[in-house]
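Chemist: test case, fold it:
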Amino acid sequence: MKKLLFTFLLGTMPLFAQDKLVVEYENYTEMDLSKETNPKLIEMYKLANNSKAYYQLITTRDESSYKQIDKIDNTQRADGMKIIFNNIEKDLYKNFLTNQSLTFEDYNGKRFIVQDSLQIQPWILSKEKATFLGYEVKKAIFERNGLIYEAWYAPKLKYKNGPEDFSGLPGIILKLEIINPKSEPIEKTFYTATKVELNDKVTISKPTKGKLISAKDYKTFTDEEYRKFQENQNNQMDKKID
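Modeler: Numbers count the residues shown, from 1 in each chain. Predicted coordinates for the structure are as follows:
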């Protein structure tokens with residue numbers, strides 16, 4: 001009864017700028033195996049399809065933090081539960097007042113905090129509606145660089161935010177699907193909310209484990225590192241030929 005009352009209040013109470021909304025997302029990728037004939041590739045793709053990661057978004061209307069969390073998962077094996085750990089540390093902070101983001105990046109052990117402008121997605125709003133986690137959600141889409149992005153957002157939860165760097169819709173994004181129709185096999189990536197709650201006891205934090213660098217300078221750095229890597233690979237190939 002208390003849970004039902006809380007859900008009702010969350011759906012009807014006015015939301016203020018500093019109200020903290022906590023959304024947990026399940027992330028996974030699906031590869032279409034219908035046309036694949038190589039048994040080894042099928043097995044590899046099945047393992048990839050069964051791999052999941054979990055994220056927590058804490059957001060107000062002004063700022064947010066988005067981090068990967070460890071979670072018990074009982075879908076990975078038939079013989080019991082398993083804790084999934086991902087070696088990629090995710091830490092993203094958004095500030096909607098300054099239109100800036102801070103992202104933790106680990107490049108071969110070198111840690112950076114990359115400062116950039118918030119990404120802007122050219123969402124096209126649809127009239128299509130559905131219900132998800134007890135909320136009415138509406139569909140929005142856009143295409144970029146050959147990828148199709150499909151989001152379902154909840155207008156009653158008036159936070160213009162979502163997983164990763166996705167934002168800008170008139171409501172929190174509860175479901176996001178990214179489709180790569182040109183990949184072989186066709187690949188779909190999903191971010192699906194599993195929990196939504198108001199919780200003012202949680203803390204929004206910025207990434208701190210690295211050297212602050214602009215997005216432009218970070219790209220220059222990674223491009224140069226990649227150039228050195230290719231040069232080293234070519235030198236090794238030349239030595240083998242000699």
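
Chemist: and the closest residue to residue 90 other than its chain neighbours, how many residues sit next to it?
Modeler: Distances taken as C-beta to C-beta, 6 or more residues apart in numbering place residue 68 nearest to residue 90, at 3.9 Å, with adjacent residues excluded. In this view, the C-beta of every residue, glycine as well, is placed from N, C-alpha and C. Number of residues near residue 68 (other C-beta atoms under 10 Å) recorded here: 18.

Chemist: what strand or helix carries residue 68?
Modeler: When elements are assigned from DSSP states H and E, residue 68 belongs to strand 63-69.

Chemist: other SSEs contacting that strand?
Modeler: strand 52-59, strand 91-95 (3 or more C-beta pairs under 8 Å, 6 or more residues apart in numbering; DSSP states H and E).

Chemist: closest one to residue 171 among those?
Modeler: Go through those one by one with C-beta to C-beta and the one that ends up closest to residue 171 is strand 52-59, at 12.0 Å.

Chemist: name the element the most centrally placed residue in the chain belongs to?
Modeler: Centroid-nearest residue in the chain: residue 164, 3.4 Å away (criterion: C-alpha atoms, centre = their mean). Under the assignment given by DSSP H and E, residue 164 is not contained in any helix or strand.

Chemist: could you give me the buried positions within the strand holding residue 68?
Modeler: Within strand 63-69, the residues that qualify as buried are 63, 64, 65, 66, 67, 68, counting by 16 or more other C-beta atoms under 10 Å.

Chemist: now it: how far from the chain's centre is it?
Modeler: For strand 63-69, the distance between its averaged C-alpha position and the chain's averaged C-alpha position is 10 Å (C-alpha atoms, centre = their mean, to the nearest Å).

Chemist: what's the longest helix along the chain packed up against?
Modeler: The residue-count maximum for a helix in the chain (DSSP state H) belongs to helix 215-241. The criterion is 3+ C-beta pairs under 8 Å, 6+ apart, and the helices and strands that helix 215-241 contacts are strand 100-107, strand 110-117.

Chemist: sweet, I'm off.
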